[in-house]
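[1] sequence and predicted structure below; questions after.
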Amino acid sequence: MRTAPGVALGGGRYRLLRRIAVGGMGEVWEANDDALARAVAVKVLRAEFAGDAGFLERFRTEARNSASLHHPHIAALFDYGEQDGSAYLVMELVVGEPLSDLLEREPVLAPQRLLPVLAQTARGLHAAHLAGVVHRDVKPGNILLARSGKVKITDFGVSLASNQKTMTATGMVMGTAQYLSPEQAVGRPATPLSDLYSLGVVAYEALAGKRPFTGPTAVDIAVAHVNDPVPPLPAAVDRKLAALVLRLLSKEPSERPASGEELAALLDQLVPRTPPSGVAVLVSKPTRARDEHRTSARSSSAAPERTHPGGASAAPPSYAPSRRDRGARAAAPDDRRRRSRHEAPAARPLDGVLAWVRRLRLPLVVLVLVLVALLGAALADRLLGAAPAEPAWSTTTDQYPRGGGPGGMIAAVQQGGGAAGPADGTRAAAHDPRSTEVKDA
């Protein structure tokens with residue numbers, strides 16, 4: 001079966017786009033599922049193995065084992081087919097990279113980055129083990145890292161299910177020598193604990209920047225896994241983490257963690273508050289902007305910053321107050337005043353004077369009002385005392401006059417000197433202050 005961009009498999013349904021990777025038994029291509037309009041990964045048996053009954057059977061075994069596994073940390077299998085004497089697997093396309101590519105760029109990973117990867121891989125392996133499937137080839141190239149941080153285990157090409165017969169001759173080794181367990185190296189059957197040993201080699205490599213055992217040939221490396229002690233990890237590695245990795249690399253399987261689930265739990269304990277998903281979270285409590293004025297007063301006596309096993313410190317971020325918080329502060333000014341009473345303000349020179357002014361504010365207002373009232377009364381009295389005297393022409397009479405004129409009308413009478421006086425016969429008080437009596441005519 002020919003593979004090239006644009007070639008369609010499965011009756012024209014899966015159209016190959018570009019080659020992603022090449023393995024020992026097959027090629028992995030990014031393809032498009034035209035029937036469902038989605039991107040998929042297609043693993044095709046390499047051309048040199050086409051028509052080989054043994055490799056075709058291995059491909060079928062991988063398809064059956066992968067189809068029986070359903071877990072968030074295992075790449076899902078969608079379809080399987082055979083065409084022109086070859087075979088292909090249609091799998092979930094993981095947008096990301098294998099752990100091997102990351103280790104090529106960064107040979108040493110910080111524990112905060114590595115531990116979630118190991119924990120997720122352990123959970124995926126545990127799900128496979130519960131289904132009766134042993135991977136037998138756990139290595140960085142088969143651990144895919146999605147862009148979201150999620151781990152996907154892939155390539156169950158040499159896996160073995162509990163109900164399947166081994167396809168290797170007695171004493172034949174299956175797997176990659178650098179990550180081979182001691183029991184596999186001596187030809188014994190692989191078990192779930194063998195997968196955990198291989199994951200321990202991955203952890204050692206990511207922490208130390210090199211594999212624990214090397215050699216000129218695959219046989220020399222396999223012999224070292226069986227006989228040589230594990231070299232110590234660098235002193236910078238956290239002691240608890242180093243002890244767990246050395247436990248995973250125990251020659252005796254019974255000394256390793258009992259299951260992938262137990263290993264994942266132990267890894268979670270090394271990173272505080274790591275959730276079961278294996279994604280690390282903030283350890284320290286964030287400080288909001290509205291609390292900064294409180295924490296600044298206590299900064300001199302603050303506790304030392306917490307560090308993680310890798311030595312990286314987690315500094316709490318600062319957040320701006322939310323709209324709800326701003327509304328609450330505007331609606332409750334009394335709460336702020338009550339809180340401010342318990343806070344120790346900075347000493348200022350005029351604090352004592354201002355305190356006395358605030359205490360005497362009401363009495364001073366009353367005193368000013370009294371003074372203003374007194375000044376107003378004095379001013380009014382002064383203005384009234386300066387008014388002119390009563391006019392000289394005003395007169396007083398002892399009795400009302402009687403009508404003397406015709407018709408009983410009161411008429412004006414001539415006064416001595418020819419001046420007209422009042423009609424009642426009285427004279428102006430200015431000429432004669434004495435009262436006069438009007439006689440009847």
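    Yep, it's here.

[2] measure how buried Asp137 is and give me the count.
    Neighbour count for Asp137, taken as other C-beta atoms under 10 Å: 21. Every residue, glycine included, has its C-beta placed from N, CA and C.

[3] from what I can see it touches Asp155, true?
    Yes: Asp137 is within contact range of Asp155, at 6.7 Å (criterion: C-beta atoms under 8 Å).

[4] in its sheet, what does whichever helix or strand Glu30 is part of sit against?
    When elements are assigned from DSSP states H and E, Glu30 belongs to strand 26-33. Its sheet considered, strand 26-33 pairs with strand 14-22 (antiparallel), strand 38-45 (antiparallel) by DSSP bridges.

[5] contacts for that strand next, please.
    3, 9, 13-22, 38-46, 59, 78, 89-90, 93, 157 (C-beta atoms under 8 Å, 6 or more residues apart in numbering).

[6] and with 7 Å instead?
    With C-beta atoms under 7 Å, 6 or more residues apart in numbering as the test, strand 26-33 has contacts from 3, 13-21, 39-46, 93.

[7] buried set for it?
    The neighbour-count criterion (16 or more other C-beta atoms under 10 Å) identifies 26-33 as the buried residues of strand 26-33.

[8] and of those, the nearest to Pro182?
    If you rank those by distance to Pro182 using C-beta to C-beta, Gly26 comes first, at 28.5 Å.

[9] skipping its backbone neighbours, what lies nearest that closest one in space?
    Lys43 (4.8 Å; C-beta to C-beta, 6 or more residues apart in numbering).

[10] kindly state the pLDDT recorded for the one you found?
    Note on Lys43: pLDDT of 93.

[11] pairing partners for it in the sheet, please.
    Val28, Leu89.

[12] can I see the domain layout of this protein?
    For the chain, automatic domain parsing gives the domain ranges 1-93, 95-281.

[13] so can I have TSV of those showing distance to Leu383?
    As requested, the domains of the chain are arranged in TSV below (distance: least, C-beta to C-beta, whole Å):
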stretch	distance to Leu383
domain 1-93	98
domain 95-281	84
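
[14] which stretch in those is the model least sure about?
    Sorting these by mean pLDDT places domain 95-281 lowest, at a mean of 88.

[15] for whichever strand or helix holds Gly54, C-alpha coordinates in CSV please.
    For Gly54, the enclosing helix or strand under DSSP H and E is helix 53-67. Output in CSV follows, covering the C-alpha atoms of helix 53-67 (Å, rounded to 0.1, in the frame of the first residue of the first chain):
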residue,chain,number,x,y,z
ALA,A,53,1.7,-12.4,8.3
GLY,A,54,3.5,-11.8,11.6
PHE,A,55,3.4,-8.1,11.4
LEU,A,56,-0.1,-8.1,10.2
GLU,A,57,-1.1,-10.1,13.2
ARG,A,58,0.7,-7.6,15.5
PHE,A,59,-1.2,-4.8,13.9
ARG,A,60,-4.5,-6.7,14.5
THR,A,61,-3.4,-7.3,18.1
GLU,A,62,-2.7,-3.6,18.6
ALA,A,63,-6.1,-2.7,17.2
ARG,A,64,-7.9,-5.1,19.5
ASN,A,65,-6.1,-4.0,22.6
SER,A,66,-6.5,-0.3,21.9
ALA,A,67,-10.2,-0.8,21.1
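
[16] give the buried residues for that helix.
    55-56, 58-59, 61-66.

[17] next, the angle from that helix to strand 26-33.
    Computed by axes from the mean of the first three to the mean of the last three C-alpha atoms, to 10 degrees, the angle separating helix 53-67 from strand 26-33 equals 50 degrees.

[18] sheet partners, orientation included, of the next helix or strand after helix 53-67?
    Counting by DSSP H and E, the element after helix 53-67 in chain order, helix or strand, is strand 77-83. Strand 77-83 sits in its sheet next to strand 86-91 (antiparallel), going by DSSP bridges.

[19] now the strand it pairs with - C-alpha only, PDB.
    Taking C-alpha atoms only, strand 86-91 is exported to PDB below (Å, rounded to 0.1, in the frame of the first residue of the first chain):
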ATOM      1  CA  SER A  86      -1.100  -4.000   4.500                       C
ATOM      2  CA  ALA A  87      -3.100  -2.600   7.400                       C
ATOM      3  CA  TYR A  88      -3.800   0.700   9.000                       C
ATOM      4  CA  LEU A  89      -5.200   2.100  12.300                       C
ATOM      5  CA  VAL A  90      -7.300   5.300  12.600                       C
ATOM      6  CA  MET A  91      -6.800   6.900  15.900                       C
END
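
[20] hmm, who's touching it?
    Residues outside strand 86-91 that contact it (C-beta under 7 Å, 6+ apart): 1, 9, 14, 40-45, 50, 56, 59, 62-63, 75-81.

[21] buried subset of these as a ChimeraX selection?
    Here is the ChimeraX command that picks out the buried ones among these, judged by 16+ other C-beta under 10 Å:
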select :9,14,40,41,42,43,44,45,50,56,59,62,63,75,77,78,79,80,81
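
[22] for stretch 378-394, what is the average pLDDT?
    In this model, stretch 378-394 carries a mean pLDDT of 65.

[23] what segments of the protein are helices?
    53-67, 99-105, 111-130, 182-185, 192-208, 218-227, 239-248, 260-270, 292-295, 323-331, 333-342, 351-359, 361-385 (DSSP state H).

[24] closest to Arg147 out of these?
    Closest of the helices of the chain to Arg147 is helix 99-105, at 12.2 Å (criterion: C-beta to C-beta).

[25] follow-up on the earlier one: between the helices of the chain, which one is nearest to Ser254?
    Nearest to Ser254 among the helices of the chain is helix 192-208 (8.1 Å), distances taken as C-beta to C-beta.

[26] can you list contacts of that closest one?
    Helix 192-208 is contacted by residues 103, 108-109, 114, 118, 121-122, 125, 129, 134-135, 138-140, 178-179, 181, 183-184, 211-212, 233-234, 237, 245, 248-249, 253, 256-257, 259-260, 263 when judged by C-beta under 7 Å, 6+ apart.

[27] could you dump the buried residues of helix 53-67 into a markdown table with distance to Leu364 added?
    Formatted as a markdown table, the buried residues of helix 53-67 follow (distance: C-beta to C-beta, whole Å):
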| residue | distance to Leu364 |
| --- | --- |
| Phe55 | 103 |
| Leu56 | 105 |
| Arg58 | 100 |
| Phe59 | 99 |
| Thr61 | 99 |
| Glu62 | 95 |
| Ala63 | 95 |
| Arg64 | 96 |
| Asn65 | 93 |
| Ser66 | 90 |
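
[28] you'd agree Leu180 is up against Asp220?
    No: the criterion here is C-beta atoms under 7 Å, and Leu180 misses it with Asp220 at 12.0 Å.
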